[in-house]
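>>> Here is my input; please provide its structure:
(chains A and B)
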Protein chains: 2
Amino acid sequence: MNVRESGIDEGISEVIVTTRSASGTFNAAPIGIITTTNEHFVKLYKRSRTFTNVQETKKLAANITSDTVLFVKAALDNLGEAHYSSLSSFPVLKEANSWILFQAVLAEKSTEYSLFQLTPLTIKINRKELKAINRGRNAVIEATILATRYLRVNDEREKEELKKQMARYAKIAEKCGGHREKEAIRILEEKPFVIV
Amino acid sequence: MNVRESGIDEGISEVIVTTRSASGTFNAAPIGIITTTNEHFVKLYKRSRTFTNVQETKKLAANITSDTVLFVKAALDNLGEAHYSSLSSFPVLKEANSWILFQAVLAEKSTEYSLFQLTPLTIKINRKELKAINRGRNAVIEATILATRYLRVNDEREKEELKKQMARYAKIAEKCGGHREKEAIRILEEKPFVIV
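I've put the predicted structure just below:
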């Protein structure tokens, strides 16, 4: 089993984490998998669905993809059932390049977050997609991170600053991205916080 | 011949462009390949070695890689001969995931830049590497773009602003990157403009 070959490497890998509640409801959220030389961790926000689901099932799947539309939708909407497939009876995203099913064990907790250590249970490569670096792709990721932060803060000044930064990333995505990045930005723009 | 499968997709793909002068000297530089639905272009700075070489040979190779150390070295140093391999007798980078040899035809010129239209001649996939999105990887690319801009501007205020932005990206690279991103930042930091 080679986690690295599936796309998860040293540092923080931005993936879409899929989970299932005890009652069987699926969830997807963009999350960073933290990888040191030999270990994997994930920091989960306690008020998130992902956290509750991981507490209930002790499992999560990392979906490796470069499709920015999936990131934006997973962050701000619910991904419909049609997006899901199954790996060892656990929900994963059909369109991902690879999947890693992890066992999650609580390692550390603070007031707002909990850190889980991850051990790979199953790895599957769906398709080996080669992609050149694209500044627009990461601009969408940065804008999505800012958008989720925007939804959590109350300070009006901070909100204004976040909107400004989002607009800057939207510009890079429009300039350097392909049609998926442009669609991702359109989805962000339709949200209440409106980038423009 | 499938350009998309080799990693070059719609939008601007950040690659390392290798070229050869008429007298046979190799050069490597990080450059964006602009791709519309069916066409590829590249905008070359007229005072660059890449521009001179393309004028002389009418050819360039796009090397698709996610190795940020190669990007930084190609931007600010010379890549040594040991880095090169050959595709249809044209210099390419040994460590790249894939190579596309393009024919380059002048499409438009302005005072500082010339736009060339690119037609693929040969495509070769070296290895299909799967990589999750990493914020640190793109932070190195952004810092490298700022570093090359820094070397071209004279205004002290602008230089200060560029340094500030580079420091912000260096922080993301340290936080989210793997060992190659950390090494890339170290190379940038050793340069005269010192990020810190």
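>>> Chain A against chain B: which residues are in contact?
A:5-15, A:32-33, A:35, A:62, A:64, A:66, A:71, A:97-98, A:125, A:128-138, A:141-142, A:175-179, A:181 (C-beta under 8 Å from any C-beta of the partner chain). (Glycine included, C-beta is placed from N, CA and C.)
>>> Keep only those of those residues that are in strands.
In strands, judged by DSSP state E, the following of those are found: A:11-15, A:32-33, A:35, A:62, A:64, A:98, A:125.
>>> so who does A:Ala29 touch?
A:16-17, A:48-50, A:74-75 (C-beta atoms under 8 Å, 6 or more residues apart in numbering or on different chains).
>>> Specify which member of these is nearest to chain B.
A:Ile16 (9.8 Å; C-beta to the nearest C-beta).
>>> tell me the domain boundaries of chain A?
Listed domain ranges for chain A are A:4-125, A:135-189 (source: automatic domain parsing).
>>> In a markdown table: the ones you listed, plus mean pLDDT.
Below are those laid out as a markdown table (pLDDT from 0 to 100):
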| stretch | mean pLDDT |
| --- | --- |
| domain A:4-125 | 96 |
| domain A:135-189 | 94 |
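>>> Work out which residue lies at the spatial centre of chain A.
Among the residues of chain A, the one closest to the centroid is A:Pro30, at 1.3 Å (C-alpha atoms, centre = their mean).
>>> what residues are up against it?
A:14-17, A:71, A:74-75, A:141, A:144.
>>> Now do the contacts for the nearest residue to A:Lys94 once chain neighbours are set aside.
Using C-beta to C-beta, 6 or more residues apart in numbering or on different chains and skipping residues adjacent in sequence, the residue nearest A:Lys94 is A:Ser85, 4.3 Å away. When contacts are counted by C-beta under 8 Å, 6+ apart, A:Ser85 touches A:91-94.
>>> ok, now with 10 Å
A:18, A:63, A:91-96, A:99, A:126 (C-beta atoms under 10 Å, 6 or more residues apart in numbering or on different chains).
>>> For the one helix or strand it maps to, which strands pair with it and how are they oriented?
Assigned by DSSP states H and E, A:Ser85 belongs to strand A:84-87. Here strand A:84-87 is paired, per DSSP bridges, with strand A:90-93 (antiparallel).
>>> Now do the lengthiest helix in chain A: which elements does it pack against?
Secondary structure of chain A per DSSP state H: the longest helix is helix A:156-176. Applying 3 or more C-beta pairs under 10 Å, 6 or more residues apart in numbering or on different chains; DSSP states H and E, one finds that helix A:156-176 contacts helix A:135-152, helix A:179-189, strand B:11-20, strand B:26-35.
>>> If you count neighbours, what's buried in the longest one?
Read that as helix A:135-152. Buried residues in helix A:135-152, defined by neighbour count with 16 or more other C-beta atoms under 10 Å in any protein chain shown: A:135-147, A:150.
>>> Distance to B:Thr57 for the contacts of A:Pro30 - can I get that in TSV?
As requested, the contacts of A:Pro30 are arranged in TSV below (distance: C-beta to C-beta, whole Å):
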residue	distance to B:Thr57
A:Glu14	39
A:Val15	42
A:Ile16	44
A:Val17	48
A:Phe71	40
A:Ala74	46
A:Ala75	46
A:Ile141	37
A:Thr144	42
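>>> who wins for most neighbours among those residues?
Counting neighbours by other C-beta atoms under 10 Å in any protein chain shown, A:Val15 comes out on top of the contacts of A:Pro30 with 29 neighbours.
>>> Relative to A:Val42, how far out is the closest residue to that residue other than its chain neighbours?
With sequence-adjacent residues excluded and distances taken as C-beta to C-beta, 6+ apart, A:Val15 is closest to A:Ala62, at 4.4 Å. In this view, A:Ala62 and A:Val42 are 9 Å apart by C-beta to C-beta, to the nearest Å.
>>> Tell me which of these two has more neighbours.
Per other C-beta under 10 Å, whichever of A:Ala62 and A:Val42 has more neighbours is A:Ala62, with 28 against 24.
>>> Next one: the more buried one from A:Ile16, what distance?
Distance of A:Ala62 to A:Ile16, computed by C-beta to C-beta: 8 Å.
>>> Any chance you could list residues touching both of those two?
Residues touching both A:Ala62 and A:Ile16 (C-beta under 10 Å, 6+ apart) are A:31, A:92, A:96, B:132.
>>> Any chance of a markdown table for the residues you listed, columns neighbour count and distance to B:Ile185?
Converted to a markdown table, these look like this (neighbours: other C-beta atoms under 10 Å in any protein chain shown; distance: C-beta to C-beta, whole Å):
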| residue | neighbour count | distance to B:Ile185 |
| --- | --- | --- |
| A:Ile31 | 23 | 24 |
| A:Val92 | 26 | 34 |
| A:Ala96 | 27 | 29 |
| B:Ala132 | 26 | 20 |
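>>> Can you go through the contacts of A:Ser85 and name the buried ones?
Judged by 16+ other C-beta under 10 Å, buried ones among these: A:18, A:63, A:91-93, A:95-96, A:99, A:126.
>>> what would those residues look like in TSV with distance to A:Gly24?
Below are the buried ones among the contacts of A:Ser85 laid out as TSV (distance: C-beta to C-beta, whole Å):
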residue	distance to A:Gly24
A:Thr18	13
A:Asn63	19
A:Pro91	9
A:Val92	15
A:Leu93	17
A:Glu95	22
A:Ala96	21
A:Trp99	19
A:Asn126	23
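>>> Show me what counts as buried in the strand holding A:Ser85.
A:Leu87.
>>> Pull the distance from that strand to the chain's centre.
17 Å (C-alpha atoms, centre = their mean, to the nearest Å).
>>> circling back to that earlier point, please name the bridge partners of the residue nearest to the centre of chain A.
Beta bridges link A:Pro30 to A:Ile16, judged by DSSP bridges.
>>> and what of the one 5 residues further on?
Note on A:Thr35: beta-bridge partners A:Gly11, A:His40, judged by DSSP bridges.
>>> Fine by me, we can end here.
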